[in-house]
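>>> below are the sequence and a predicted model for it; my questions follow.
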Amino acid sequence: MDFPKDLKYSKEHEWVRLGDDGVAVIGITAFAQDELGDIVFVETPKVGQNLKAGQTFGVAESVKTVSDLYSPVSGEVVEVNTNLLDSPELVNESPFGDGWMIKIKMDDPAELGSLLSSQDYQKLTQKG
Amino acid sequence: MTSSPLQKSPLYTRHVQVGAKMTEFHGWIMPLQYDSIMDECKATRKSVGLFDISHMGKAEVIGKNALKLLQSLAVNDLSKISEGQAQYTALVNDKGGIIDDLVVYRISNFRFFLCLNAANVETDISWIAEFALQYPDVEVRNVTRHHGLLAVQGPNAEAIMKSLVSHKVAHMEFFDFMITRIGEMNVILSRTGYTGEDGFEIYCDWRDTDVLWDAIMAKGKQWGIKPCGLGARDLLRLEMGYLLHGVDMDASSSPYETGLGWIVKLEKEGGLMAQEVLASKKAAGSAKCIMGFEMVERGGLPRHGFSILADGRIIGEVTSGGASPNLGKTIGLGRVLADYARPGTAIQIDIRGKAAEATVVRRPFIPARTKKSKPKQATSESGASAKEE
């Protein structure tokens, strides 16, 4: 199982990658997609929507179940991954890459400090 | 619900060792998927898949009057099949509701083998046993845990079974079976399935199941055989529009309301216990029926119990739904008012409060490729699309 070191993680199994422009890319972790199984539908928010940290921004639906997606950070949605409409399986195939879900212009990049490190997140997944 | 421990297939340890995701299914813990459900579905249609379905209920009805008993309880006509043939049929209650759908194997004139849905084994067997009391010579036995059951399904299934058994396998038609040997193992080899592909279901001694699994996997290697779980099994049957008892139909619906009227033989030899009630249901017609639909608008999966809307009102509900890997579409089955069941009818599915556009389409969603099949209607987990007489 992959837990990239350069990312921050939420307890709800989302990851965040902050770029130099203050825009955070968000998706769900390899662990999360494996738990969900084959993902068949991802609902993403509209560009321009403002999200608070912890707010739901959409759902990921797998053959097995429907899961809410929670924004790990606050800010404005500046882009959504429209490829997921036709190819939701990208989330399974490349959860940290092509399977990203939304990009958020963060209100306060310091918010990242409250998220988990790769190591802490990995520990969380091992607790079962 | 009972709190008894989950039953395990004889291959349980093997499944866990290869990292299968396990799931609870009517008192059993079975593989949901080994790898990806989508890939398992595609492999079965393209080449061949191997399924552990040892959880299926198995029963024997033995005795001079076994045929008479089964003729009175099951709706199809067993006098139309001979030794070495199986038949898709259903048990109905005194109101004409479907207790279960099943496959009956005619082993001899005095011996019948039944394949039942796991969820209904006890209900089925006690129902049959109750009426068996009239016939002191008839014995009804639950042999679920005596036999492992594997399904080899897909266009390359025949090649594998030919090399494992004999070239004679090629002459078997859909719903034919033979009692034979694979290596040292005694098996019932049946040309049946629940995927719409050509294929076989093989009953073996419970303790031989792992040896049989390995033999099929080894032989199937050159065709890229893939172990498949219940997730793929459910999607493959959905692509065929086959029904699953307890999901698409239950004891409150008659065969006529379920699209299974074609298996009911009201005027058969020996007589059907529910003849009168079923005849009146047939004459009355059905207000609701089962139909297939595909989503026009994206918006998640139509799941069991979701409302189906048309003309601004609720006209029925989804019974099964899923993303078809082979069609690249989201499809489903639903029970709706008969007026709305015609292919081409525009409907909406209420997916968590959002009305998503869908269209009624003809079943099966994918044409069946079973051996010499003349598919007429959809069927079910213990049935597959059954053989016409």
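Now that the structure is in, tell me what you want to look at.
>>> going forward, measure contacts between C-alpha atoms and count neighbours the same way
Noted.
>>> which residues does the residue in chain B that chain A sits nearest to contact?
Among the residues of chain B, residue B:300 lies closest to chain A, at 5.4 Å counting by Cα to the nearest Cα. Shown in contact with residue B:300 (Cα atoms under 8 Å, 6 or more residues apart in numbering or on different chains): A:40, A:41, A:42, A:61, B:351.
>>> scan these and report the most crowded one.
residue A:40 (29 neighbours; other Cα atoms under 10 Å in any protein chain shown).
>>> what lines up beside the one helix or strand that one maps to in the sheet?
Assigning secondary structure by DSSP states H and E places residue A:40 in strand A:39-43. According to DSSP bridges, strand A:39-43 forms sheet pairs with strand A:56-62 (antiparallel).
>>> what sits up against the next helix or strand after the strand it pairs with?
On the C-terminal side of strand A:56-62, the closest following helix or strand by DSSP H and E is strand A:66-70. Contacts to strand A:66-70, defined as Cα under 8 Å, 6+ apart, come from residues A:12, A:14, A:53, A:54, A:55, A:56, A:57, A:58, A:59, A:60, A:61.
>>> go through strand A:66-70 and flag the buried ones.
A:66, A:69, A:70 (16 or more other Cα atoms under 10 Å in any protein chain shown).
>>> by contact count, what packs against the following helix or strand past that strand?
Going down the chain from strand A:66-70, the next helix or strand is strand A:75-80, by DSSP H and E. Here strand A:75-80 touches strand A:50-51, strand A:102-106, going by 3 or more Cα pairs under 8 Å, 6 or more residues apart in numbering or on different chains; DSSP states H and E.
>>> closest one to residue B:134 among these?
strand A:102-106 (68.3 Å; Cα to Cα).
>>> give me the angle between the closest one and strand A:56-62.
Strand A:102-106 and strand A:56-62 are oriented at 160 degrees to each other (axes from the mean of the first three to the mean of the last three Cα atoms, to 10 degrees).
>>> packing partners for strand A:102-106?
Identification of packing neighbours for strand A:102-106 by 3+ Cα pairs under 8 Å, 6+ apart yields strand A:23-28, strand A:75-80.
>>> thinking again about what came up before, got the phi/psi numbers for the residue of chain B closest to chain A?
Backbone torsions for residue B:300, taken as degrees, to the nearest 10, come to phi 100, psi 180.
>>> isn't residue B:93 right up against residue B:99?
Yes: the pair residue B:93 and residue B:99 passes the contact test of Cα atoms under 8 Å, sitting 6.2 Å apart.
>>> neighbour count: the two, which is higher?
Using other Cα under 10 Å as the criterion, residue B:93 and residue B:99 rank with residue B:99 on top: 23 against 19.
>>> roughly how far does the residue of chain B positioned farthest from its centre sit from residue B:343?
The C-alpha centroid of chain B is most remote from residue B:312, which lies 34.8 Å away (Cα atoms, centre = their mean). From residue B:312 over to residue B:343 the distance is 19 Å, taken as Cα to Cα, to the nearest Å.
>>> what residues does chain A put near chain B?
Within chain A, the residues that sit near chain B (Cα under 8 Å from any Cα of the partner chain) are A:37, A:38, A:40, A:41, A:42, A:43, A:61, A:63, A:85.
>>> please name the residues that touch the closest residue to chain B within chain A.
Closest residue of chain A to chain B, Cα to the nearest Cα: residue A:41 (5.4 Å). Counting by Cα under 8 Å, 6+ apart, residue A:41 makes contact with A:59, A:60, A:61, A:62, A:84, A:85, A:88, B:299, B:300, B:301.
>>> on the strand side of things, show who the first one bridges to.
On the basis of DSSP bridges, residue A:59 is bridged to residue A:43, residue A:68.
>>> nearest to residue B:103, of the buried residues of strand A:66-70?
Taking Cα to Cα as the measure, residue B:103 lies nearest residue A:66 of the buried residues of strand A:66-70, at 34.5 Å.
>>> checking my notes, residue B:177 in a strand, right?
Yes: judged by DSSP: H, G, I helix; E, B strand; the rest coil, residue B:177 forms part of a strand.
>>> and the nearest residue in space to residue B:188 that is not next to it in sequence, how far from residue B:186?
In space, and not counting its chain neighbours, residue B:188 is closest to residue B:179: 4.5 Å by Cα to Cα, 6 or more residues apart in numbering or on different chains. For residue B:179, the distance to residue B:186 (Cα to Cα) stands at 7 Å.
>>> same check on residue B:37?
Distance of residue B:37 to residue B:186, computed by Cα to Cα: 31 Å.
>>> let me see the ranges of the helices in the stretch 151-300 of chain B.
Using DSSP state H, counting those that start in this stretch, the helices of the stretch 151-300 of chain B run over residues B:157-164, B:209-220, B:230-239, B:275-284.
>>> point out the most buried one among the ones you listed.
helix B:230-239 (a mean of 25; mean count of other Cα atoms under 10 Å in any protein chain shown).
>>> just how off-centre is that helix within its chain?
10 Å (Cα atoms, centre = their mean, to the nearest Å).
>>> do the same with stretch A:54-66
Per Cα atoms, centre = their mean, the centroid offset for stretch A:54-66 relative to its chain is 11 Å.
>>> what residues of that stretch count as buried?
Buried residues in stretch A:54-66, counted by 16+ other Cα under 10 Å: A:57, A:58, A:59, A:60, A:61, A:62, A:63, A:66.
>>> could you verify my assumption that the third one touches residue A:40?
No: because the distance of 10.8 Å does not satisfy Cα under 8 Å, residue A:59 is recorded as not touching residue A:40.
>>> any low-confidence regions in the stretch 251-389 of chain B?
Across the stretch 251-389 of chain B, residues meeting the criterion (pLDDT under 70) sit at B:373-389.
>>> residues in it within reach of chain A, list them.
Counting by Cα under 8 Å from any Cα, the stretch 251-389 of chain B sits next to chain A at B:298, B:299, B:300, B:301, B:322, B:323.
>>> how distant is the strand holding residue A:40 from the center of its chain?
The chain centre lies 13 Å from the centre of strand A:39-43; the measure is Cα atoms, centre = their mean.
>>> and the angle from that strand to strand A:66-70?
40 degrees.
>>> residue contacts, the spatially most central residue of chain A?
Among the residues of chain A, the one closest to the centroid is residue A:27, at 2.3 Å (Cα atoms, centre = their mean). Applying Cα under 8 Å, 6+ apart, we find residue A:27 in contact with A:14, A:15, A:16, A:95, A:96, A:99, A:100, A:101, A:102.
>>> and the second one, how many neighbours?
Read it as residue A:15. If you count neighbours by other Cα under 10 Å, residue A:15 ends up with 29.
>>> residue A:8 is in contact with that one, correct?
Yes: the criterion here is Cα under 8 Å, and residue A:15 meets it with residue A:8 at 5.6 Å.
>>> hey, what's in contact with both of those two?
By Cα under 8 Å, 6+ apart, no residue touches both residue A:15 and residue A:8.
>>> what's the spacing between residue B:286 and residue A:30?
From residue B:286 to residue A:30 the distance is 49 Å (Cα to Cα).
>>> more neighbours, the two?
Using other Cα under 10 Å as the criterion, residue B:286 and residue A:30 rank with residue A:30 on top: 22 against 14.
>>> look up the closest residue to the more buried one, ignoring the ones flanking it.
residue A:95 (5.6 Å).
>>> element containing that neighbour?
With DSSP H and E as criterion, residue A:95 is part of no helix or strand.
>>> what sits against residue A:26?
Going by Cα under 8 Å, 6+ apart, residue A:26 touches A:14, A:15, A:16, A:17, A:71, A:100, A:101, A:102, A:103, A:104.
>>> same thing but at 7 Å, please
By Cα atoms under 7 Å, 6 or more residues apart in numbering or on different chains, residue A:26 lies in contact with A:14, A:15, A:16, A:17, A:100, A:101, A:102, A:103.
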